[in-house]
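# what follows is a predicted protein model with its sequence.
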Amino acid sequence: MTITHQGEIAMSLLIATLFAFAGQAGAYDPHYLDRTINSANDLVAWCRAEAESRYAARGMSTYQWTSSQVDRGNTLFVDGKLRAEGQDIVVRCSVARGAQLRYASIQIDDPRIR
């Protein structure tokens, strides 16, 4: 291996690590889960990150996240969809309006994730 090739590998690893940590900023903020959720839009990022992390923990890649948000009374919903290992997966998240993010729930319609 040449020095240039080793440098390219090291730079690639550094960039990959930075992107991994950037996507998990909430995991390192001790007050992240204490945030109050007042609109369904506030729940979208958590819902996506939570779903993707469950697949990543099993070594499965995900892509093509889409979602819609709905407020029904005092309950906020995110209806999401992602692709995991070539399959379309439905993801649903919810939380009571005004509750802390730590009380949000997620449902993933995929028997591989249970």
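Okay, I see it. Predicted model only: the values in this text are computed from it and were never measured.

# so which residues of the chain form helices?
Residue ranges of the helices in the chain, as given by DSSP state H, are 3-22, 44-56.

# lowest-confidence stretch among those?
For those, mean pLDDT drops lowest on helix 3-22, to a mean of 47.

# what's the neighbour count on residue 34?
Applying other C-beta atoms under 10 Å, we find 10 residues neighbouring residue 34. The C-beta positions use only the backbone N, C-alpha and C, and glycine is treated the same way.

# same question but for residue 42, I mixed them up
18.

# show me what contacts it?
35, 76 (C-beta atoms under 8 Å, 6 or more residues apart in numbering).

# tell me how far stretch 97-107 lies from the chain's centre.
14 Å (C-alpha atoms, centre = their mean, to the nearest Å).

# nope, stretch 31-50 is what I meant
10 Å.

# quick check, residue 106 in contact with residue 53.
No. Using C-beta atoms under 8 Å as the test, residue 106 is too far from residue 53 to be in contact (10.3 Å).

# which of these two has more neighbours?
Higher neighbour count among residue 106 and residue 53: residue 106, with 18 against 13, using other C-beta under 10 Å.

# show me the contacts for that one.
By C-beta under 8 Å, 6+ apart, the contact set of residue 106 is 47, 50-51, 91-93.

# how confident was the prediction at residue 34?
86.

# which residues touch it?
100-102.

# please indicate which of the residues you listed are buried?
Among those, those buried by neighbour count (16 or more other C-beta atoms under 10 Å) are residue 101.

# care to break this structure down by domain?
Listed domain ranges for the chain are 1-30, 35-114 (source: automatic domain parsing).

# hey, where'd the strands end up in this structure?
Assigned by DSSP state E, the strands in the chain fall at 62-72, 75-84, 87-96, 105-108.

# can you redo the contacts of residue 34 as TSV with distance to residue 84?
Formatted as TSV, these follow (distance: C-beta to C-beta, whole Å):
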residue	distance to residue 84
100	28
101	23
102	25
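
# okay then, goodbye and thanks.
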